[in-house]
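Enquirer: Attaching a predicted model along with its sequence, questions to come.
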Amino acid sequence: MEKSHSYFTGDFSTSLRFARNDENKSLNFIEAKVEEDLRNGKNAKRIQTRFPPEPNGYLHIGHAKAICLDFGIAKNYGGVCNLRFDDTNPTKENMEYVDAIKEDIQWLGYQWGNEYYASDYFQQLWNFAIELIKRGKAYIDEQSSEEIAAQKGTPTQPGTESPYRNRPIEESLELFNKMNSGEIEEGRMVLRAKIDMANPNMHFRDPIIYRVVKTPHHRTGTKWNAYPMYDFAHGQSDYFEGVTHSLCTLEFVVHRPLYDLFVDWLKEIRGEGDNMDDNRPRQTEFNKLNLNYTLMSKRNLLILVKEGVVNGWDDPRMPTICGFRRRGYTPESIHKFIDKIGYTTYDALNDFALLESSIREDLNACATRVAAVVNPVKLVITNYPEGQTEELEAINNPEDESAGSHKIEFSRELWIEKEDFMECPPNKYFRLTPGKEVRLKNAYIVKCTGCKKDENGEVVEVYAEYDPMTRSGMPEANRKVKGTIHWVSQAHCIKAEVRLYDRLWNVENPRDELARLQDEGNTPIEAMLRNISPMRNRSIISSSRE
RNA sequence: UGCCCAAUGGUGUAAUUGGCAACACGACUGACUCUGGAUCAGUAAAGUCUAGGUUCGAACCCUGGUUGGGCAACCA
């Protein structure tokens, strides 16, 4: 087994503003188990985890939950988390996904120790399979997949044994080599572990451990034609790498006995039979993330992308990590959210509102405020000199004094939100209304004097007079005014395209149904954004409203 | 009729491991007016799926049941 090393290069405490800041928080059941293993001196007190994505799609917010656990456990207990691509199925996997996955993990603030691939172990797994055949623990089955499925039985009925189950070892050995040499067509034969066709656990009914795939592999090319199945690759890969805690989601609970059995066999073959209980990976399962109104399955996300329902994996409506990134979510907000939902063994359905509250909480603390008018109507300050411009000051973040301020321009003609003016207002309407005063944020107190309407009765211009003694900072500015509205100067703003996205799915628990997508929410709206320069590309800003 | 897992306010988690059921989100009141999707003050909301048992004492341990989830890909 490999020696343990600390591979971490970055200082997480500074790169992640909110990482693990609540020390009083109770341990989740996995952390408790890790601490117990540490107390008991398991695995020579090493902690090693892995994040094992299959490179067949982009990472989604559910993967973020697994990433935070795999990397978080390693970080919090002085261990290492490696990245291992589970690339045992060349028909679905490619390098585009490998690169995207790495980018997303790093964006979340994590750095893996080593970058491994299950395909790195194809030779070792092959040797192990050969050894199993020699020991009478695996055999080549030449039946069709239909026949094998039929013999598997059902959850309530035992299976029946394959007629090839007890064929001579030499024969299996020879055929296994042929499976890999390219002489055997896909589907013609498989290698099966000889376990127990009557076992109540379906995964023990002589599981298929190798099959023929003729599609070239994105890393090993055409070197192999026989590829190991997940169950025959994952646990052994963990073992080869020295993983101590193999964390995965609940649907793998029923796979665990098989995971353990293959590691047992491997340890026996390697002469570690006298120490079966220690120095081996242990699988622990936690609940995967379900979000209401959100479908997480990679299969269906792929369909959305391929059929053009969305504009790519990073469409802001997608629950992918890159989608949330484009939507303006910060890594910190994702961490906050993951921290709030916790890890249990209960298959929960989380409220999307909790995720939204996490990004609001984070942005409220760190985002620079910039004025934008999304649904503009013209406001003319009739007593302000034409052609005059003055510079005013606007603080960048009311929650953070150190964030400083920026200059903004004020002039006679402004844009304000349509909904910030009402000719006949209801009670408790404190915004612009004829005869009433309102404060223009960071500028003057103005009194509304009326408006102009078009032939349809639509308000096209609003008029007001300003009080020159009430500029922000002046003593008169402290006068009590019931309402404050935001604005941008017409001569000093830029047009922006705004898209107000709604949720993609309109059923609370879509699970695996693709149907009933919302089809609205992608129509651009023209908005007015105050021109701030220089504004760094991709800065995180927050409109003061909307 | 199989095997495995789970169940605590509307949602998600917690309860110093057998000792007064707490926190967050959400909802609702109200206040505040240099915005607010903020802040502040407050309210409602579970008696822990159910029936027993053990115990001075059970959300927690035991037994039966109920309900939900997972398991029968040459996917992972």
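Expert: Looks like it arrived, so ask away. Nothing here was measured: the structure is a model prediction, and the numbers come from that model.
Enquirer: For the rest of this, base every contact and every neighbour count on C-alpha atoms.
Expert: OK.
Enquirer: Pull out the buried residues from the host helix or strand of A:Ile101.
Expert: Assessed by DSSP states H and E, A:Ile101 sits inside helix A:95-107. Buried positions in helix A:95-107, judged by neighbour count with 16 or more other Cα atoms under 10 Å: A:97-98, A:100-105.
Enquirer: The helix or strand following that helix pairs with which strands?
Expert: The helix or strand immediately downstream of helix A:95-107 is strand A:115-117, counting by DSSP H and E. Sheet pairing for strand A:115-117, assigned by DSSP bridges, gives strand A:80-85 (parallel).
Enquirer: so how far is the first residue of stretch A:158-165 from its last?
Expert: End-to-end span of stretch A:158-165 (Cα to Cα, to the nearest Å): 16 Å.
Enquirer: Likewise for stretch A:80-100?
Expert: End-to-end distance for stretch A:80-100, by Cα to Cα: 22 Å.
Enquirer: is that stretch anywhere near RNA strand B?
Expert: Yes: Stretch A:80-100 comes into contact with RNA strand B (Cα under 7 Å from any atom of the strand), by way of A:86-89.
Enquirer: Rebuild those residues as JSON lines, extending it with neighbour count.
Expert: Listed next are the residues of stretch A:80-100 next to RNA strand B as JSON lines, based on neighbours: other Cα atoms under 10 Å:
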{"residue": "A:Asp86", "neighbour count": "21"}
{"residue": "A:Asp87", "neighbour count": "27"}
{"residue": "A:Thr88", "neighbour count": "24"}
{"residue": "A:Asn89", "neighbour count": "21"}
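Enquirer: check contacts around the residue nearest to the spatial centre of chain A.
Expert: Computing the C-alpha centroid of chain A and ranking residues by Cα atoms, centre = their mean puts A:Ile61 first, at 2.5 Å. By Cα atoms under 8 Å, 6 or more residues apart in numbering, the residues touching A:Ile61 are A:289, A:296, A:319-321.
Enquirer: try it again with 6 Å
Expert: Neighbouring residues of A:Ile61 by Cα atoms under 6 Å, 6 or more residues apart in numbering: A:319-321.
Enquirer: and if you look at A:Lys407?
Expert: A:392-393.
Enquirer: Could you list everything it pairs with in the sheet?
Expert: Beta-bridge pairing of A:Lys407 under DSSP bridges involves A:Glu393.
Enquirer: Could you measure from it over to A:Leu363?
Expert: 21 Å.
Enquirer: same deal with A:Lys152?
Expert: With Cα to Cα as the criterion, A:Lys152 and A:Leu363 are 54 Å apart.
Enquirer: Count residues in the vicinity of A:Thr154, would you?
Expert: 13 (other Cα atoms under 10 Å).
Enquirer: Count the neighbours of A:Glu399 for me.
Expert: 13.
Enquirer: show me what contacts it?
Expert: The neighbours of A:Glu399, taking Cα under 6 Å, 6+ apart as the test, are A:Ala365.
Enquirer: if we go to 8 Å?
Expert: Neighbouring residues of A:Glu399 by Cα under 8 Å, 6+ apart: A:364-366.
Enquirer: Could you confirm it falls within a strand?
Expert: No: the assignment for A:Glu399, made by DSSP: H, G, I helix; E, B strand; the rest coil, is coil rather than a strand.
Enquirer: In contact with the nearest residue to A:Thr154 once chain neighbours are set aside, which residues?
Expert: Leaving aside its chain neighbours, A:Thr154 sits nearest to A:Met202 (7.8 Å; criterion: Cα to Cα, 6 or more residues apart in numbering). Listed by Cα under 8 Å, 6+ apart, the contact set of A:Met202 reads A:152, A:154-155.
Enquirer: same thing but at 10 Å, please
Expert: Counting by Cα atoms under 10 Å, 6 or more residues apart in numbering, A:Met202 touches A:152-159, A:196, A:254-255.
Enquirer: Which of those residues are buried, as a PyMOL select command?
Expert: Only the buried entries of the contacts of A:Met202 go into this PyMOL selection, using 16+ other Cα under 10 Å:
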select buried, chain A and resi 152+153+158+159+196+255
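Enquirer: would JSON lines of the contacts of A:Met202 with pLDDT, distance to RNA strand B and secondary structure be doable?
Expert: As requested, the contacts of A:Met202 are exported to JSON lines (pLDDT from 0 to 100; distance: Cα to the nearest atom of the strand, whole Å; DSSP: H, G, I helix; E, B strand; the rest coil):
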{"residue": "A:Lys152", "pLDDT": "96", "distance to RNA strand B": "5", "secondary structure": "coil"}
{"residue": "A:Gly153", "pLDDT": "95", "distance to RNA strand B": "6", "secondary structure": "coil"}
{"residue": "A:Thr154", "pLDDT": "94", "distance to RNA strand B": "4", "secondary structure": "strand"}
{"residue": "A:Pro155", "pLDDT": "93", "distance to RNA strand B": "4", "secondary structure": "coil"}
{"residue": "A:Thr156", "pLDDT": "91", "distance to RNA strand B": "4", "secondary structure": "coil"}
{"residue": "A:Gln157", "pLDDT": "93", "distance to RNA strand B": "7", "secondary structure": "strand"}
{"residue": "A:Pro158", "pLDDT": "94", "distance to RNA strand B": "9", "secondary structure": "coil"}
{"residue": "A:Gly159", "pLDDT": "96", "distance to RNA strand B": "9", "secondary structure": "coil"}
{"residue": "A:Asp196", "pLDDT": "97", "distance to RNA strand B": "13", "secondary structure": "coil"}
{"residue": "A:Val254", "pLDDT": "96", "distance to RNA strand B": "6", "secondary structure": "helix"}
{"residue": "A:His255", "pLDDT": "97", "distance to RNA strand B": "7", "secondary structure": "helix"}
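Enquirer: Let me know whether A:Glu391 touches A:Glu409 as I believe.
Expert: Yes: counting by Cα atoms under 10 Å, A:Glu391 touches A:Glu409, with 4.7 Å between them.
Enquirer: out of those two, which sits in the busier spot?
Expert: Using other Cα under 10 Å as the criterion, A:Glu391 and A:Glu409 rank with A:Glu409 on top: 19 against 12.
Enquirer: Could you grab the helix/strand/coil label for the more buried one?
Expert: Judged by three-state DSSP, the three-state class of A:Glu409 is strand.
Enquirer: what's the pLDDT at it?
Expert: pLDDT, A:Glu409: 95.
Enquirer: quick one: it and RNA strand B, what's the gap?
Expert: Distance of A:Glu409 to RNA strand B, computed by Cα to the nearest atom of the strand, to the nearest Å: 14 Å.
Enquirer: wait, A:Gly187 sits on A:Asn225?
Expert: No: counting by Cα under 10 Å, A:Gly187 does not reach A:Asn225; the two are 11.8 Å apart.
Enquirer: if you count what's nearby, which of these two comes out ahead?
Expert: More crowded of A:Gly187 and A:Asn225, by other Cα under 10 Å: A:Asn225, with 24 against 13.
Enquirer: can you pull the contacts of that one?
Expert: A:Asn225 makes contacts with A:177-186, A:210-217, as judged by Cα under 10 Å, 6+ apart.
Enquirer: again, only using 8 Å
Expert: When contacts are counted by Cα under 8 Å, 6+ apart, A:Asn225 touches A:179-182, A:212-214.
Enquirer: same check, this time on A:Val254
Expert: A:201, A:203.
Enquirer: Are the helix or strand harbouring A:Val498 and RNA strand B in contact anywhere?
Expert: Under the criterion of DSSP H and E, A:Val498 resides in strand A:493-499. No: counting by Cα under 7 Å from any atom of the strand, no contacts exist between strand A:493-499 and RNA strand B, the nearest distance being 11.0 Å.
Enquirer: In terms of secondary structure, what does that strand contact?
Expert: If you count contacts as 3 or more Cα pairs under 8 Å, 6 or more residues apart in numbering; DSSP states H and E, strand A:493-499 packs onto strand A:524-530.
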